[in-house]
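Participant: just the structure for this:
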Amino acid sequence: MTTEHARLVAALRELRAGAGLSLAALAEQTLYSKSSWERYLNGKSLPPRQAVRELCRLANEPDGRLLALWEIAESHWSGRATAPATTSPTDELAGTNPQESPSPAGTRWRRLGGSRLLVVLASAYTAIVGGVAALLFLLLPDSEAQEAQPIPAPVPFSFAPQCHGAACEGRDPMRLICGIDPETLTSYRTATGAHIELRHSGKCGASWARVWGAEIGDRVDVTADGPTHGVRIRNKDDAVTFVYTEMTEVRPGSTVRACFRPAPADGERECVEARVGEATTTARPPSPR
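Facilitator: Just a heads-up that it's a prediction; the model follows:
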């Protein structure tokens, strides 16, 4: 399982838990079976895009952020995110008869060595077979599609947290599996419309902040009587999905503080804090001056 897939799974599990939806309820109200939802929510397979939309619909949650996470996870799952650009086989095979066409294309054909030609033909064959397999997968019912889908080689992965306390300081909560079923200490909506949540994992002994709905250039910092860790909204992809700060070590009773800094230089900083172990709170933006 890739880090991007784990991040999507954590968000889906969180959304389902918040909506109080059981696997049976998901199966009854969507086109996907209970066993399919079990695989999707445990990271055994990547859910279809429509399944993500259906879960958002049932949870009464806008689907933009989750679909952005799905797009990122799917690109890594399919290998598109790391696949090198290749020349189209039709470009390589242009002018295949050097006697009929003395053009540069014919010259390129004559210069193709045996090994290079085999690579081109193999690439074209792979693309054709892959396209047919993808079409069959889309046309088959859910149960048959699961059987027809090639089973990837098993990748060692654990949903157990990978750090605790000081070992989590300054590290990614999603990558170290601290972001699965965390506690929300407080939620806050800034004057600009961005949403900030202070998150806490008792299993990891750490807290962090997450933000969504922010603008490019906005920044969020988090601290808990230790180092300050921050994250900046770098591009439009960050602006439409959840963005997380690194973790900071906490203990029961620790006070965690997050500060939002809008991109404009004259923007006012807004801070919110919560204590680990207290009831969840929701804060509102300050009144306009």
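Participant: for the stretch 151-289 of the chain, which spans come out with low pLDDT?
Facilitator: By pLDDT under 70, the low-scoring segments of the stretch 151-289 of the chain are 151-159, 280-289.
Participant: how about the helices in it?
Facilitator: The residue ranges that make up the helices of the stretch 151-289 of the chain, judged by DSSP state H, counting those that start in this stretch, are 236-239.
Participant: for it, just list every one of the strands.
Facilitator: Counting by DSSP state E, counting those that start in this stretch, the stretch 151-289 of the chain has these strands, from start to end: 183-189, 195-201, 206-212, 219-223, 229-232, 243-244, 248-249, 255-261, 270-275, 281-283.
Participant: okay, buried residues for the fifth one please.
Facilitator: So the one you mean is strand 229-232. Of the residues in strand 229-232, those with enough neighbours to count as buried (16 or more other CB atoms under 10 Å) are His229, Val231. Heads up, the C-betas are built off the backbone N, CA and C, glycines and all.
Participant: list the contacts of it.
Facilitator: Strand 229-232 is touched from outside by 170, 208-209, 211, 217-223, 243-248, with contacts defined as CB atoms under 8 Å, 6 or more residues apart in numbering.
Participant: re earlier: pick the most deeply packed of the strands of the stretch 151-289 of the chain.
Facilitator: Ranked by mean neighbour count under mean count of other CB atoms under 10 Å, the strands of the stretch 151-289 of the chain are led by strand 206-212, which reaches a mean of 27.
Participant: that one pairs with which strands, parallel or anti?
Facilitator: strand 195-201 (antiparallel), strand 243-244 (antiparallel), strand 248-249 (antiparallel) (DSSP bridges).
Participant: let me know the angle separating it from strand 219-223.
Facilitator: Using axes from the mean of the first three to the mean of the last three CA atoms, to 10 degrees, the direction of strand 206-212 lies 160 degrees away from that of strand 219-223.
Participant: quick one, domains of this structure?
Facilitator: If the domains of the chain are taken from automatic domain parsing, they occupy 3-82, 84-157, 165-283, with pieces of a single domain joined by a plus sign.
Participant: any low-confidence regions in the stretch 1-150 of the chain?
Facilitator: 78-150.
Participant: returning to that earlier point: could the strands paired with strand 206-212 be laid out in TSV, adding distance to Lys236?
Facilitator: As requested, the strands paired with strand 206-212 are exported to TSV (distance: least, CB to CB, whole Å):
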stretch	distance to Lys236
strand 195-201	17
strand 243-244	12
strand 248-249	28
